[in-house]
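S.K.: Kindly return the folded structure for what I paste below:
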Amino acid sequence: MQTPTIALAQAQIDFYQQEGYLTLPAITTPAEVTWLRAIYDRLFAAQAGRAEGNQFDLAGADEEGQVATLPQILNPKKYAPELAEGLFRVNALAIARQLLGPEAQAGGEHAILKPARYGAPTPWHQDEAYWSPDLHYNSISIWIPLQEATVQGGCMQFVSKSYASEVQPHHPINNDPRIHGLEADHIPAEQIVPCPIPAGGATIHHCRTFHYAGPNLSDEPRRAYILIFALPTAMRSEKRIFPWQALQQTARMARQKEAAFSLLQKVSPNLKHTPLSGMN
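M.R.: Prediction:
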């Protein structure tokens, strides 16, 4: 087991608690960035996880044969088990426990690619808008670029102090229910902070912090690996409704349901198949 090589200063912890985000110049080594980038490129080239609904276009209808402008892979380590180890992961957990407390544990992880010259913007949103409205969350995302993250290439941008608000109304990108990605209805634009960082650095943000990443106008793909850490969730006493979630009818959801049915059918061969509707 590797030992963490970085620790946050109190001033950094205070900044995160005040602003809802933080940037770090390095969370891993240049050698590990090179190793990560090779695995990352291989997974995207193979569209790893697509049949299960774990690889899809965040910004488009995700139809077969279309060029994805914002492809994402959920849980990349499922398709490259070697990703379960690494200094980037050890340091990220240590940072999460400084910011959230000793009960913080690893949650989900994903990789988002913005192809060179045509990678789409990631609209302004709050991560919690994607999740169940029935639970209380206290989580962070640690966003690690595998090349220099510049404004031109689509670095992260945040709205300062926005994490203190509740989840605000969102809608599918372009109000198209076929699109997985969400966009906030409104943002407090006067507090936007762009955060360019070196390869192997990191941005950290709370699950309610408004954030955005612009289009990739550079000549290099913008590769980002994201680790989520969280305290245990709890049921909310007050009910919330996220109506934008009920609107979505995506190709990714269709593939996910088909994959789940195929898995069940292996256990119960006589299980009756119900054709999916409203998915294309």
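S.K.: hey, let's count contacts and neighbours off CA atoms from now on
M.R.: OK.
S.K.: so Leu182 touches Pro172, yeah?
M.R.: Yes. Here Leu182 reaches Pro172: they are 4.5 Å apart, a contact under C-alpha atoms under 8 Å.
S.K.: Give me the more crowded residue out of those two.
M.R.: It is Leu182, of Leu182 and Pro172, that has more neighbours when counted by other C-alpha atoms under 10 Å, with 28 against 21.
S.K.: tell me the contacts of that one?
M.R.: The neighbourhood of Leu182, defined by C-alpha atoms under 8 Å, 6 or more residues apart in numbering, consists of 123, 125, 129-130, 170-173.
S.K.: Quick check: the gap between it and His125.
M.R.: The gap separating Leu182 from His125 is 7 Å, by C-alpha to C-alpha, to the nearest Å.
S.K.: quick one: common contacting residues for the two?
M.R.: Overlap between the contact sets of Leu182 and His125, as judged by C-alpha under 8 Å, 6+ apart, is given by His170.
S.K.: Contacts only, for Trp143.
M.R.: Applying C-alpha under 8 Å, 6+ apart, one finds that Trp143 lies in contact with 202-204, 224-227.
S.K.: before we move on, what about Gln157?
M.R.: By C-alpha under 8 Å, 6+ apart, the contact list for Gln157 reads 192-195, 211-213.
S.K.: One more pass at 6 Å, please.
M.R.: When contacts are counted by C-alpha atoms under 6 Å, 6 or more residues apart in numbering, Gln157 is found next to 193-195, 211-213.
S.K.: Give me the mean pLDDT for stretch 31-48.
M.R.: When the per-residue pLDDT values of stretch 31-48 are averaged, the result is 98.
S.K.: for stretch 144-161, that is, sorry about that
M.R.: Along stretch 144-161, the predicted local confidence has a mean pLDDT of 98.
S.K.: Flag every buried residue along that stretch.
M.R.: Judged by neighbour count (16 or more other C-alpha atoms under 10 Å), stretch 144-161 contains these buried residues: 144-151, 153-161.
S.K.: Which members of the residues you listed occur in strands, if any?
M.R.: When DSSP state E defines the strands, the subset of those inside them is 144-145, 156-159.
S.K.: Using a markdown table, lay out the residues you listed together with distance to Phe15.
M.R.: Conversion of those to a markdown table gives the following (distance: C-alpha to C-alpha, whole Å):
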| residue | distance to Phe15 |
| --- | --- |
| Ile144 | 19 |
| Pro145 | 21 |
| Met156 | 17 |
| Gln157 | 16 |
| Phe158 | 13 |
| Val159 | 14 |
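S.K.: From those residues, pick the one nearest Leu58.
M.R.: For those, the minimum distance to Leu58 (C-alpha to C-alpha) is 16.2 Å, reached by Met156.
S.K.: can you pull the contacts of the closest one?
M.R.: Met156 is in contact with 195, 212-213, counting by C-alpha under 6 Å, 6+ apart.
S.K.: closest to Arg240 among those?
M.R.: Arg240 has its nearest neighbour among the contacts of Met156 in Tyr212, at 24.2 Å by C-alpha to C-alpha.
S.K.: isn't the closest one right next to Trp124, touching?
M.R.: Yes. Using C-alpha atoms under 6 Å as the test, Tyr212 is close enough to Trp124 to be in contact (4.6 Å).
S.K.: On the three-state scheme, His205 is what?
M.R.: Following DSSP: H, G, I helix; E, B strand; the rest coil, His205 is assigned to strand.
S.K.: With adjacent residues omitted, what lies nearest to it?
M.R.: Leaving aside its sequence neighbours, His205 sits nearest to Tyr21 (C-alpha to C-alpha, 6 or more residues apart in numbering; 4.2 Å).
S.K.: ok, that neighbour to Ala84 distance?
M.R.: With distances defined as C-alpha to C-alpha, the gap from Tyr21 to Ala84 amounts to 25 Å.
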